[in-house]
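# build me a model:
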Amino acid sequence: MQVRWVHVGRSFTPGPLRLAPVVIGVLALMLPLAGCSGSSNAAVKPQSCGTGRTAANVPIDIEINRGQVSCTVAQTVERTYAAAIVAGNAPGNGGGGPITVNGWKCQGFPTPELLKTGDVSKCTKAGVEIIAILKTPS
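This next block holds a predicted model:
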């Protein structure tokens, strides 16, 4: 390919009409690659699974933070976890200790962390993570 140089003032610059198709072509080839980083650690947005309530009847949002599981399962695990705390089945001060619910390990976050992040509790199983988050007032 030849680029025609045109004289502009004291310097020579590539002619805009000749170079424009080349620049547009290069950009068109690069755009599909812009989103590909080659990394398998791409951020995945948490899946919202509706609302629920803690053992203290505080409204929460339920999210699947990592992995895949149905929202029905996520809601059932959170509801069963809250019921276990109400029944006194969870160890620790205020029932925050870990408890196994249908094979899921659930645990409440300490108050300083809850105030910092809004995360109330987390239930994990086989790499899947369900998070209960304080519901923001609307």
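# can you give me the buried ones in the helix or strand hosting I85?
Assigned by DSSP states H and E, I85 belongs to helix 71-86. For helix 71-86, the neighbour count (16 or more other C-beta atoms under 10 Å) marks 73-75, 77-78, 80-82, 84-85 as buried. For every residue, glycine as well, the C-beta is placed using N, CA and C.
# do the same with stretch 115-122
Neighbour counts over stretch 115-122 (16+ other C-beta under 10 Å) mark 118-122 as buried.
# now tell me what touches that stretch from outside.
Contacts of stretch 115-122 from elsewhere in the structure, counted by C-beta atoms under 8 Å, 6 or more residues apart in numbering, are 54, 58, 60, 65, 78, 81, 106-109, 113-114, 129-134, 136.
# can we see that at 10 Å?
The contact list for stretch 115-122, computed with C-beta atoms under 10 Å, 6 or more residues apart in numbering, reads 52, 54-56, 58, 60-63, 65-66, 78, 81-82, 85, 96, 98, 104-110, 113-114, 129-136.
# got a PyMOL select line for the buried ones in those residues?
This is how PyMOL selects the buried members of the contacts of stretch 115-122, with burial counted by 16+ other C-beta under 10 Å:
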select buried, resi 52+54+55+60+61+62+63+65+66+78+81+82+85+96+104+106+107+108+109+114+129+130+131+132+133+134+135
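# just to revisit the earlier point, possible to save the buried residues of stretch 115-122 as JSON lines with secondary structure and pLDDT?
Converted to JSON lines, these look like this (DSSP: H, G, I helix; E, B strand; the rest coil; pLDDT from 0 to 100):
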{"residue": "G118", "secondary structure": "coil", "pLDDT": "94"}
{"residue": "D119", "secondary structure": "strand", "pLDDT": "95"}
{"residue": "V120", "secondary structure": "strand", "pLDDT": "94"}
{"residue": "S121", "secondary structure": "strand", "pLDDT": "94"}
{"residue": "K122", "secondary structure": "strand", "pLDDT": "96"}
